[in-house]
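here is a sequence with its predicted model. Questions after.
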Amino acid sequence: MNNYEAVIGLEVHAQLLTKSKAFCSCSTEFGASPNTNTCPICLGHPGTLPHLNKSLVEYIVRMGLATNCRIRERSTFARKNYFYADLVKGYQITQHQDPICYDGHLDIELVDENRKAIGITRIHMEEDTGKAIHDLDIDTLLDYNRSGVPLIEIVSEPDIRNATEAYKYLTELKRILVYLGICTGNMEEGALRCDANVSVRPVGQIEFGTKTEVKNMNSFRNVEKAIDFEIKRQIELIEGGGRVVQETRMWDGQKQATRTMRSKETQNDYRYFTEPDLVPVIVSDTWKADIAKALVELPLPRKDRFCKQYSIPAYDSGVLVEDKDVADYYEAVCNSLQTKDAHHYKLVSNWLMTEVMHIIAERAISITQLGLSPALVAELVELFANDTISSRVAKDIFPEVVAKGTSPKEIIERDGLSQVSDTTAIEETVKRIIASNADSVEKYKAGRTNVLGFFVGQTMKEMSGKANPKIITDLVTKYLNM
């Protein structure tokens, strides 16, 4: 196995979040009753003419700029001809010789924060096909609601060398699409689909091996599994004296294996020709500059900035920027802090990654649906940062802060929850508890240092959880060692 290396390229289709279809005004709403979001144009009735959705062009230029692509000033549409039941017109409007975005790349993160640039050959516009539903009791059913929905196809260079890199590439691609607000990234709903071109070659060989295309992968993990399986299958085939055949294979989730689907089509099979009913697409420098100005900060650059600006670890930053809304919320909380320093910024990231994300996951909502003011989180963080309350009290009052939007300061004043930092009062309690537990003192002096926690806990309990735990620990340690 180690004598071979894999060469992998990915073709990713992303369904765009435009309100209407690529070449007609039909709705793109997901989940509508079958064949209700259709019209004579997307059903290919004779005599109908397509008209280009401007948002499709704007969205693809956004993606092209975000992935360092060159943007072609003039590009054209073509007809890709093939005959499947879900392709109602008998052809698909796409781009062929002059894709609007080309020669780009995106960086992926590997182990130990190392990064690798994966080249992007092209990103082009096209329309989606319908959906075939295979019902064993009836027959194959066809829903054309998806027919004509705007797609972009993102074709990578064969720069990926293993399944893990493929997974990282897809993850980063999805994050960018979602950050840009042009795709949900939901593979289960078909908003993101991936085909993998996989080949192997002896290490050191320049020429590519014979590739197979793998389809029917409905999650990033299945892409990873399918690629791993296909690499192993091809190597075993070659070493057994066989020959890899260029074909399209499909991933069988039940068997956890790929199997032959059909022979691989070539470009000639599709009989491409220029789409006669659509004029060329022109992207002026002014329009491109306006789109570039409106681009949001992307995940990896934002992660780097968080580490530098807020002095938080790369792990924290990576978790926070995974969701744009969470990253926005983190910055809003930090901006609401009275004390702006690395310690407070780290406490904010800790609070979001534990308490806030726990509630979001439990309720299956987004952070924007939580309805919690960032200023209240900042207030709460500062209260336990300056020892006004313990972290335990902060966790106890947080549900009320979330549910009612009550100020943490009001709750503390109302319920008398301020943390006791009076050394004299704590010291008296510590001395009394130590004097009442001679057996535990002997155990500590005999080397059972875990008994320390017992004394700290008893002191906290007697002082109703309001005593400063750091002061308690210092005093307990002092008197046990006297």
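Structure's in. What do you need?

point out where the chain drops to low pLDDT.
1, 135-136, 264-268, 419-422 (pLDDT under 70).

would you confirm that Pro40 contacts Thr48?
Yes: in this structure, Pro40 is within contact of Thr48 by CB atoms under 8 Å, at 4.8 Å. C-betas here are computed from N, CA, C, even on glycine.

with neighbour numbers in mind, choose between these two.
Thr48 (15 against 11; other CB atoms under 10 Å).

which SSE is that one in?
For Thr48, there is no host helix or strand (DSSP states H and E).

how's this protein carved up into domains?
4-291, 298-415, 423-480 (automatic domain parsing).

Leu295: what's it in contact with?
Going by CB atoms under 8 Å, 6 or more residues apart in numbering, Leu295 touches 62, 65-66, 180.

what's the local residue count around Leu17?
Neighbour count of Leu17, defined by other CB under 10 Å: 17.

look up phi and psi at it.
Per-residue torsions, Leu17: phi -90, psi 40 (degrees, to the nearest 10).

so how far is the longest helix seen in the chain off the chain centroid?
Assignment by DSSP state H gives helix 220-239 as the longest helix of the chain. Chain-centre distance of helix 220-239: 24 Å, with CA atoms, centre = their mean, to the nearest Å.

any idea which helix or strand comes after that helix?
For helix 220-239, the following helix or strand on the C-terminal side (DSSP H and E) is strand 247-252.

what angle do whatever helix or strand comes next after that next one and helix 220-239 make?
The helix or strand immediately downstream of strand 247-252 is strand 257-263, counting by DSSP H and E. Per axes from the mean of the first three to the mean of the last three CA atoms, to 10 degrees, the angle that strand 257-263 makes with helix 220-239 is 80 degrees.

what sits up against the following helix or strand past strand 257-263?
Where DSSP H and E defines the elements, the next helix or strand beyond strand 257-263 is strand 273-274. Here strand 273-274 makes contact (CB under 8 Å, 6+ apart) with 76-79.

pull up the pairing partners for strand 273-274, direction included.
Strand 273-274 pairs in its sheet with strand 78-81 (antiparallel), by DSSP bridges.

list the buried residues for the partner strand?
Across strand 78-81, burial judged by 16 or more other CB atoms under 10 Å covers 78-80.

next helix or strand past it?
strand 91-94.

each with direction, which strands does that following strand pair with?
Counting by DSSP bridges, strand 91-94 is paired with strand 78-81 (antiparallel).

alpha carbons only: can I get the partner strand in PDB?
These are the backbone C-alpha positions of strand 78-81, laid out as PDB (Å, rounded to 0.1, in the frame of the first residue of the first chain):
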ATOM      1  CA  ALA A  78     -23.800  25.600 -23.400                       C
ATOM      2  CA  ARG A  79     -26.200  22.700 -23.800                       C
ATOM      3  CA  LYS A  80     -25.100  19.400 -22.300                       C
ATOM      4  CA  ASN A  81     -27.200  16.700 -24.000                       C
END
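
quick one: contacts of it?
So strand 78-81 is contacted by 90-97, 126, 270-275 (CB under 8 Å, 6+ apart).

ranking these by neighbours, who comes first?
Gln95 (25 neighbours).

for the residue nearest the centre of the chain, phi and psi?
Nearest to the mean C-alpha position of the chain, by CA atoms, centre = their mean, lies Arg175 at 4.4 Å. Phi and psi for Arg175, reported as degrees, to the nearest 10, are phi -60, psi -40.

name the nearest residue to it, sequence neighbours excluded.
Leaving aside its sequence neighbours, Arg175 sits nearest to Pro299 (CB to CB, 6 or more residues apart in numbering; 4.6 Å).

list the residues that contact that neighbour.
Pro299 makes contacts with 172, 175-176, 179, 321-322, 324, as judged by CB under 8 Å, 6+ apart.

my read: Asp107 touches Asn114, true?
No: using CB under 8 Å as the test, Asp107 is too far from Asn114 to be in contact (10.2 Å).

more neighbours: which of these two?
A direct count of neighbours by other CB under 10 Å for Asp107 and Asn114 places Asp107 higher, at 17 against 8.

which ones are touching that one?
115-118, 172, 300.

out of these, who's nearest Val279?
Nearest to Val279 among the contacts of Asp107, counting by CB to CB, is Ile118 at 33.5 Å.

so that closest one, which state does it fall into?
Of the three states, Ile118 takes strand under DSSP: H, G, I helix; E, B strand; the rest coil.

so it makes contact with Asp159?
Yes: Ile118 lies in contact with Asp159 (CB under 8 Å); the separation is 4.9 Å.

the more surrounded of these two?
Taking other CB under 10 Å, Ile118 and Asp159 do not tie; Ile118 has more neighbours (24 against 19).

any idea how far the more buried one is from Thr184?
As judged by CB to CB, to the nearest Å, Ile118 and Thr184 stand 22 Å apart.

likewise Glu413?
Glu413 is 44 Å from Thr184, by CB to CB.

ok, the nearest residue to Asn222 once chain neighbours are set aside - contacts?
The shortest distance from Asn222 to any residue other than its chain neighbours is 6.0 Å, reached at Trp251 (CB to CB, 6+ apart). Neighbour list for Trp251: 214-217, 222, 225-226, 229, 257-258 [criterion: CB under 8 Å, 6+ apart].

next one: Pro469
Taking CB under 8 Å, 6+ apart, we find Pro469 in contact with 390, 456, 460.

ok, the second one - how many residues close by?
Meaning Val456. 19.

that one falls within a helix, correct?
Yes: with three-state DSSP as the criterion, Val456 is part of a helix.

surely it meets Lys470?
No: between Val456 and Lys470 there is no contact under CB under 8 Å: 10.1 Å.

tell me how many other residues crowd Met187.
When neighbours are counted by other CB under 10 Å, Met187 comes out with 18.

follow-up on the earlier one: so for Glu413 and Thr184, which residue has more residues nearby?
Just comparing Glu413 and Thr184: by other CB under 10 Å the higher neighbour count belongs to Thr184, 18 against 11.

list the residues that contact the closest residue to that one other than its chain neighbours.
Closest residue to Thr184 apart from its sequence neighbours, by CB to CB, 6+ apart: Ala191 at 4.6 Å. By CB under 8 Å, 6+ apart, the residues touching Ala191 are 14-15, 30, 183-185.
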